[in-house]
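Student: Provided below for reference: sequence and predicted model.
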Amino acid sequence: MCDEAHAVVTAVLTELGSSELESSELGPFETPRLNQLSILDDAALAERFCDDIPVLMIDGEVHSIHRVDAAALRARIVAVPA
């Protein structure tokens with residue numbers, strides 16, 4: 001993941017994990033974790049995404065390719081059932 005995408009993802013995860021958010025806004029919520037994979041370490045990922053990095057996936061589904069939008073990422077994470 002490039003530095004720019006990593007910074008956006010980290011900022012969103014930090015925000016969602018902060019105590020400043022109203023608990024009623026998120027309901028029962030576990031702060032998600034970032035698991036980075038490299039296409040250099042996985043031939044299947046390299047074949048599938050060689051021209052489309054970074055790729056951000058949530059629960060195994062592609063969320064964004066090339067750029068990560070903080071507002072869209074936050075909305076998607078909050079929408080994931082606990």
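Tutor: Everything's here; your move.
Student: Once you drop chain neighbours, what's closest to A46?
Tutor: The shortest distance from A46 to any non-neighbouring residue, by CB to CB, 6 or more residues apart in numbering, is to I39 (4.1 Å). The C-beta positions use only the backbone N, C-alpha and C, and glycine is treated the same way.
Student: Helix, strand or coil: sort out the one you found for me.
Tutor: For I39, the assignment made with DSSP: H, G, I helix; E, B strand; the rest coil gives coil.
Student: just checking, it touches C50?
Tutor: Yes - between I39 and C50 there is a contact at 6.5 Å, judged by CB atoms under 8 Å.
Student: So for those two, which sits in the more crowded spot?
Tutor: I39 (17 against 9; other CB atoms under 10 Å).
Student: How much space separates the more buried one from A11?
Tutor: Separation of I39 from A11 (CB to CB, to the nearest Å): 24 Å.
Student: Repeat that for D41.
Tutor: D41 is 26 Å from A11, by CB to CB.
Student: Please apply the same query to L40.
Tutor: 25 Å.
Student: Summarise which helices and strands the longest helix along the chain is packed against.
Tutor: Taking DSSP state H as the assignment, the helix of the chain that covers the most residues is helix 3-17. Judged by 3 or more CB pairs under 8 Å, 6 or more residues apart in numbering; DSSP states H and E, the packing partners of helix 3-17 are helix 70-79.
Student: Who are the packing partners of the helix it packs on?
Tutor: Applying 3+ CB pairs under 8 Å, 6+ apart, we find helix 70-79 packed against helix 3-17, strand 55-58, strand 61-65.
Student: Make JSON lines out of these and add mean neighbour count.
Tutor: Putting the helices and strands packed on helix 70-79 into JSON lines (neighbours: other CB atoms under 10 Å) gives the following:
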{"stretch": "helix 3-17", "mean neighbour count": "15"}
{"stretch": "strand 55-58", "mean neighbour count": "16"}
{"stretch": "strand 61-65", "mean neighbour count": "13"}
